[in-house]
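Engineer: for reference, the sequence and a predicted model appear below.
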Amino acid sequence: MDAPILDISGLRTVFRIGGADIAAVQDMELTIAAGETVALVGESGSGKSVTSLSVMGLLPKRVGRIAEGRVMLSRKSGEVVDLAAMPDERLREVRGNDIGMVFQEPMTSLNPVYTVGEQIAEPIRIHLGKSHREAAADAVRLLADVGIPDPERRAQQYPHELSGGMRQRVTIAMALACDPKMLIADEPTTALDVTIQAQILDLLQKLQRERGMGILFVTHNLGVVAEIADRVVVMYAGRIVESGPVAEVFAHPRHPYTKGLLRSVPRLGQAVELKRSGTPLPTIAGNVPSLRNLPPGCAFANRCEYAIEACNAAVPPLFAATPTQKSRCIRWQEL
Amino acid sequence: MTQQPYLSVKNLSKHFKPAAFSRGPVVKALQDISFDIPRGQVVGLVGESGSGKTTIGRSVLRLIEPTSGEVKLDGVDITTLSGDQLRQQRRKMQYIFQDPFASLSPRMTIGQVLTEGLDIQGIGTRAERRARAEKALAAVELPVDAFDRYAHEFSGGQRQRVGIARALTLDPEFIVADEPVSALDVSIQAQVINLLRDLQVRLGLTMLFISHDLAVVEYICDTVIVLYLGRIMEIAPAADLYARPSHPYTRALLSAIPSPDPAVRQQRQILTGDIPSPANPPSGCVFRTRCRFATEACAAGVPALREVAPGHARACILDDIL
């Protein structure tokens, strides 16, 4: 296998709240190769977005910081850099240049007072040093690449003149402007209607085939994971609980949380049968624990049907359940 | 079978006019909506942004004034009631909101939130009101000591339980649940749906359940209505809709939902284009601009709802779509 484009190891990101450091992400490890899509899934507070913000160096100033770990990125030039140790000025050369970014809410990532063409052209001028005229031509070409009809006219328009789906296409065009090897997409379809979501997922897959980028796809939607990702990393309370190829993890989850999560996703056409027999929908009992007072042992133990005394002793390591699948559960063999 | 429906909506329309002195267009949020809910049943409203689902929910409780049409609740046309009469009727009908963070005041204790409706309706003594609130907390499986605590002390799922308890304190007969689980995490979603289903059966509630997610309404609804741009596209018993979707829009909507089973990376049928603006909807069938079966005839007139099976109707003029 080729050397990965992104290689995260031992990442620990903390937030300073009320005079104490609270770890939002711990023991994070993740690699992404060219042409590969890795999905990072989890519920609110699991640390999936904090992981992506840590990679991009976009943690809130003064509050959040990377306390430990390395985030190695292979740049377009071939140079390998540690983003975790890079000063902010140098990170700016990387962001939008070697790493493209797409966020959940297209309206907040776009500037309302510039035309979309100007916004796509800006990184091309700054990072690639092209002239206004060249960058503007590139912007129109990029709009065509992301499937926007009549790109010359659309480039002259402002974000409010476009629909939600069109705006998300524009932010994707911006992310691709400098031809990055790595794309980070943080819940890019969550704010969109389901028929538009299908269009955007299709577009991202097409662009990846054409450009061979690595994609880190952050989402809470397991249906989207099954649709788009090669590998999946499941997070709970700041740590990876399971990782592996999507087909393997979904067919045979090796962590009780993944198993419960997959069971509680509503599946079309199946609830009718449950209702007929008077069976409740499968759930995971209880709530996600607060990051302020995580238990000394497994963070999922208090909601877990497999929990035993030993689970509370210490945080389990990530076990290699198969050559490709990992689980942070001491009873993974029984699952 | 001749029993009158609990909720009966007839030819409901809602047009939002532009603000005074501005030149915006009239937005036709709802056009000619008719449906019934039999007593003790749950009807689901499903559709994408701008389909009019929330506008129906609000019009039905007269939280907004419908432009025309009739809404009968237990035989009483609520669109013609005066303020006092309406307040009397409101006791029977309650609303559960989507966002459990925005819909609970941060300055009120849960107890104050729960008893406010009883205060307004002038029901019971202070002690009786507290007793009713505590009963509602028990019904949604929250601890009784929640009464004296504030909303910020609770998680999203627990807050949504408070929102449900608030709706229950007045012993309503009818509840509009507007995307009650959309803001919740997957593992919590199923808990709240089970709770709503359980309460609905136990208390014999009649319910209008609004959601953008077809997979979520399936478990709780007896009948599902699919909306697009302010009009009904299809109405069917829940089991029937998933097994035999009939309208081209319903089919596209179902196939667009990504399946959590990688083995069935299904043939997705991707709708091209965007949802048109409700300020300027297409003539004839509103879905025709994105429909792969559309013909010239589709632009001519608004298709009527035609029954394809008992209780299952679709608004499409084509007879043999595949």
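Structural biologist: Happy to help now that I have it.
Engineer: so which residues of the stretch 51-200 of chain A form helices?
Structural biologist: Assigned by DSSP state H, counting those that start in this stretch, the stretch 51-200 of chain A shows helices spanning A:88-94, A:106-109, A:116-128, A:132-145, A:151-155, A:164-176, A:194-211.
Engineer: next, the buried residues of the longest one.
Structural biologist: Right, the one you point to is helix A:194-211. Neighbour-count burial for helix A:194-211 flags A:194-201, A:203-204, A:207-208 (criterion: 16 or more other C-beta atoms under 10 Å in any protein chain shown). Heads up, the C-betas are built off the backbone N, CA and C, glycines and all.
Engineer: so where do the strands sit in the chain?
Structural biologist: You didn't pick a chain, so chain A it is. A:6-17, A:20-32, A:37-41, A:64-74, A:80-82, A:99-102, A:182-186, A:214-219, A:231-236, A:239-245, A:319-320, A:326-327 (DSSP state E).
Engineer: you answered for a different chain; I wanted chain B.
Structural biologist: All strands of chain B, identified by DSSP E, fall at B:7-16, B:27-37, B:42-46, B:68-73, B:76-77, B:93-96, B:174-178, B:206-211, B:223-228, B:231-237, B:306-309, B:312-314.
Engineer: pairing partners for the fifth one, with directions?
Structural biologist: Right, strand B:76-77. strand B:68-73 (antiparallel) (DSSP bridges).
Engineer: quick one: buried residues of the partner strand?
Structural biologist: For strand B:68-73, by 16+ other C-beta under 10 Å, it's B:69, B:71-73.
Engineer: cool, and stretch A:250-265?
Structural biologist: Those would be A:250, A:253-265, for stretch A:250-265 by 16+ other C-beta under 10 Å.
Engineer: so which of those are also by chain B?
Structural biologist: The residues of these that also fall near chain B, by C-beta under 8 Å from any C-beta of the partner chain, are A:250, A:260-262, A:264-265.
Engineer: got those as TSV, with pLDDT and distance to residue A:22 columns?
Structural biologist: TSV is the format used below for those (pLDDT from 0 to 100; distance: C-beta to C-beta, whole Å):
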residue	pLDDT	distance to residue A:22
A:250	96	32
A:260	94	25
A:261	94	24
A:262	94	29
A:264	89	27
A:265	88	29
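Engineer: nearest spatial neighbour of residue 227, skipping sequence neighbours?
Structural biologist: No chain in the question, so chain A it is. Nearest residue to residue A:227, sequence neighbours excluded (C-beta to C-beta, 6 or more residues apart in numbering or on different chains): residue B:258, at 4.2 Å.
Engineer: looking at chain B here, not the other one
Structural biologist: In space, residue B:227 is closest to residue B:47, 3.5 Å off (C-beta to C-beta, 6+ apart).
Engineer: which residues does that neighbour contact?
Structural biologist: By C-beta atoms under 8 Å, 6 or more residues apart in numbering or on different chains, the residues touching residue B:47 are B:53, B:212, B:226-228.
Engineer: mind redoing it with 6 Å?
Structural biologist: B:53, B:227-228 (C-beta atoms under 6 Å, 6 or more residues apart in numbering or on different chains).
Engineer: so how far is stretch B:92-100 off the chain centroid?
Structural biologist: 10 Å (C-alpha atoms, centre = their mean, to the nearest Å).
Engineer: got it, and stretch A:106-121?
Structural biologist: 22 Å.
Engineer: then that stretch to PDB, C-alphas only?
Structural biologist: In PDB, the C-alpha atoms belonging to stretch A:106-121 read as follows (Å, rounded to 0.1, in the frame of the first residue of the first chain):
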ATOM      1  CA  PRO A 106     -23.000  26.100   3.200                       C
ATOM      2  CA  MET A 107     -24.500  29.500   4.100                       C
ATOM      3  CA  THR A 108     -22.100  30.100   7.000                       C
ATOM      4  CA  SER A 109     -19.000  29.000   5.000                       C
ATOM      5  CA  LEU A 110     -19.800  31.400   2.200                       C
ATOM      6  CA  ASN A 111     -19.300  35.200   2.400                       C
ATOM      7  CA  PRO A 112     -22.600  36.900   1.600                       C
ATOM      8  CA  VAL A 113     -21.000  40.000   0.100                       C
ATOM      9  CA  TYR A 114     -18.800  38.400  -2.500                       C
ATOM     10  CA  THR A 115     -19.900  36.500  -5.700                       C
ATOM     11  CA  VAL A 116     -19.300  32.800  -5.600                       C
ATOM     12  CA  GLY A 117     -16.900  33.100  -8.500                       C
ATOM     13  CA  GLU A 118     -14.700  35.500  -6.400                       C
ATOM     14  CA  GLN A 119     -14.800  33.200  -3.500                       C
ATOM     15  CA  ILE A 120     -13.700  30.200  -5.500                       C
ATOM     16  CA  ALA A 121     -10.900  32.300  -7.200                       C
END
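Engineer: buried residues, it. List them.
Structural biologist: A:106, A:109-110, A:115-121.
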